[in-house]
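Undergrad: below are the sequence and a predicted model; questions follow.
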Amino acid sequence: MDVPSTKPLWVRAGAATASSALFAAMLGIAGCAGGSGSLRAGAQTVSPSDFRDAGEVQADAPSIEVSPTPPDSPRVISAREARGGDPDVLTLVGRPANIDAQIRRPSPTAPIGSDSSADSGSVAAGAGVAEEGIVVDKMVGQINGRPVYAAQFLSSLDDLLRAEAIEKSREEWVSLAGQLIQNQLLERVRDELLIAEFNAGLTFEERVGLFAFIDQIQQGIIDRDLGSAARADERLRDQENVSLRGKAEEEFNREIVFEQLRREVTRKVQVSWRDIQRYYDQNITVFQPPSTARLRVLRVAPADRDRLTLALADEPARSQIISSETTFRSSEGGLIELELGSDGLEAAEFFGPPELNDPATQLRPGELSAPIDFNGSIWWLYLEAVVQPETVSLYDAQNRIEQAIRAEREQAERARYFERLFGSSTMTEQQLGEMRDRLIDFAIDRYLGDGTTDG
């Protein structure tokens with residue numbers, strides 16, 4: 001059977017030659033790099049159990065001082081520009097109140113360094129302090145010890161959310177944004193768990209190989225831009241709002257997620273030939289749909305017998321004549337459509353009375369019965385057609401069946417695996433919910449707003 005390839009990028013590219021393709025590739029790259037790398041021998045690996053609280057802050061994190069001196073040529077931007085991701089925004093770190101006390105954006109007409117805080121054009125740099133302030137970005141939590149910043153998180157949804165904000169009502173937009181943000185957040189947490197699980201089993205040499213592999217991916221991106229790193233970086237920042245190195249790490253992480261799922265899910269799922277046969281037999285009506293008989297029934301008063309006997313002699317017009325003349329199911333043109341069983345037309349039951357059913361089961365497609373005098377009326381039965389749908393043999397269906405069984409089993413295996421991963425982490429459902437709510441609040445402020453801050 002033809003089964004789609006599930007090998008990761010470095011294996012598909014032919015980088016691996018050993019029995020363990022992934023590890024061979026990593027070790028091979030590490031050897032080419034001379035065994036040097038950015039990892040120290042004492043570096044710690046990360047596991048799902050090392051997740052931190054969303055609100056927890058590392059005690060040994062370096063402090064960042066905010067200079068009270070404004071830039072030489074500050075530029076006042078509007079809220080609309082800030083929401084659009086202006087590249088020249090000066091990001092100030094610290095509590096908004098402290099920033100408000102240290103730095104103020106000057107009025108366009110006031111000289112730099114003058115006290116223009118009372119001027120209406122002067123706006124506090126701290127988000128949320130001045131009436132005209134706007135939050136440019138903020139940290140909404142941590143995933144596996146890594147801070148999650150709202151603006152960066154929403155960058156991949158930016159175009160969609162902006163477009164929908166124009167087309168939809170506020171209530172519809174909030175509902176859509178909430179669903180998109182929640183799905184992306186769960187995917188982000190899932191990927192971080194998978195990456196942590198993957199890294200936990202690596203040796204030092206293998207980790208060095210992975211870092212070298214990122215460089216290899218980055219070089220591939222550069223090659224697609226005619227070998228210019230600057231050109232590649234500029235294009236990525238302009239089109240995808242990501243740096244060259246960031247793009248390489250994104251592609252690398254996708255490969256890690258793919259490889260971890262292959263190890264823990266795909267490789268464990270097996271589909272035998274007996275499984276395929278059993279599926280085919282249990283769903284035989286899907287692959288060999290039953291035939292359908294189309295029987296037209298003409299019922300008229302005895303006085304119309306001679307007239308219609310002559311009319312029905314015109315074989316091409318029989319269906320039309322019956323449809324227009326019959327008093328049996330007149331709204332449907334006298335048509336009975338009956339799904340036939342395995343015994344075919346002979347075992348069909350079109351009518352209860354045998355006086356009508358027996359003649360009907362003896363007909364062949366295109367054949368008209370003799371007039372039947374029954375229950376005070378004259379009847380004609382016309383077997384218009386027996387429709388036989390296209391059937392699919394077991395041989396032709398085996399690949400489709402194998403894929404369907406595999407997909408179902410992989411879904412179940414993936415659910416069990418993710419349940420174990422989430423169960424072993426310290427990130428709770430409440431923490432995820434709080435992070436989601438912060439992201440939604442930030443998105444509402446950025447994409448909807450109330451118009452008071454745009455100027």
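TA: It's in.
Undergrad: burial count for Ile214?
TA: By other C-beta atoms under 10 Å, 18 other residues sit near Ile214. All C-beta spots, glycine's among them, are computed from the backbone N, C-alpha and C.
Undergrad: what of the one 5 residues further on?
TA: Gln219 is flanked by 13 other residues according to other C-beta under 10 Å.
Undergrad: what does the one 3 residues further on give?
TA: When neighbours are defined as other C-beta under 10 Å, Ile222 has 18 of them.
Undergrad: Leu298 too?
TA: By other C-beta under 10 Å, neighbour count at Leu298 equals 27.
Undergrad: and it, its phi and psi?
TA: Dihedral pair for Leu298: phi -110, psi 120, per degrees, to the nearest 10.
Undergrad: residues contacting it?
TA: Leu308, Leu312, Ile321, Ile322, Glu325, Thr326, Phe328, Gly334, Trp379, Trp380, Leu381, Tyr382 (C-beta atoms under 8 Å, 6 or more residues apart in numbering).
Undergrad: the same query, at a cut-off of 6 Å, please.
TA: Counting by C-beta atoms under 6 Å, 6 or more residues apart in numbering, Leu298 touches Ile322, Thr326, Trp380.
Undergrad: what bridges to it?
TA: Following DSSP bridges, Leu298 is listed with bridge partners Trp380.
Undergrad: any idea of the pLDDT on it?
TA: pLDDT for Leu298: 95.
Undergrad: for Glu259, see how far away it is.
TA: 69 Å (C-beta to C-beta, to the nearest Å).
Undergrad: and Val148, helix, strand or coil?
TA: Following DSSP: H, G, I helix; E, B strand; the rest coil, Val148 is assigned to strand.
Undergrad: can you tell me how far it sits from Leu154?
TA: Counting by C-beta to C-beta, the gap from Val148 to Leu154 is 11 Å.
Undergrad: those two - which one has more neighbours?
TA: Taking other C-beta under 10 Å, Val148 and Leu154 do not tie; Leu154 has more neighbours (22 against 19).
Undergrad: what about that one, which helix or strand?
TA: In this structure, Leu154 sits in helix 150-154 according to DSSP states H and E.
Undergrad: helix or strand right after that helix?
TA: helix 158-167.
Undergrad: any idea how this structure splits into domains?
TA: 9-45+201-264, 79-188+428-448, 268-283+392-424, 290-387 (automatic domain parsing).
Undergrad: okay, the residue nearest to Gly341 when sequence neighbours are not counted: pLDDT?
TA: Distances taken as C-beta to C-beta, 6 or more residues apart in numbering place Ala347 nearest to Gly341, at 6.0 Å, with adjacent residues excluded. According to the prediction, Ala347 has pLDDT 90.
Undergrad: next one: Gly141
TA: As predicted, Gly141 sits at a pLDDT of 88.
Undergrad: and it, its phi and psi?
TA: phi 160, psi -170.
Undergrad: element containing the closest residue to Phe374 other than its chain neighbours?
TA: Leaving aside its sequence neighbours, Phe374 sits nearest to Glu355 (C-beta to C-beta, 6+ apart; 5.1 Å). Using DSSP H and E, Glu355 sits within helix 354-361.
Undergrad: buried sites along that helix?
TA: Residues Leu356, Pro359, Ala360, Thr361 are the ones in helix 354-361 that count as buried (16 or more other C-beta atoms under 10 Å).
Undergrad: avg pLDDT for it?
TA: 94.
Undergrad: any idea how far Gly145 is from Leu202?
TA: The gap separating Gly145 from Leu202 is 18 Å, by C-beta to C-beta.
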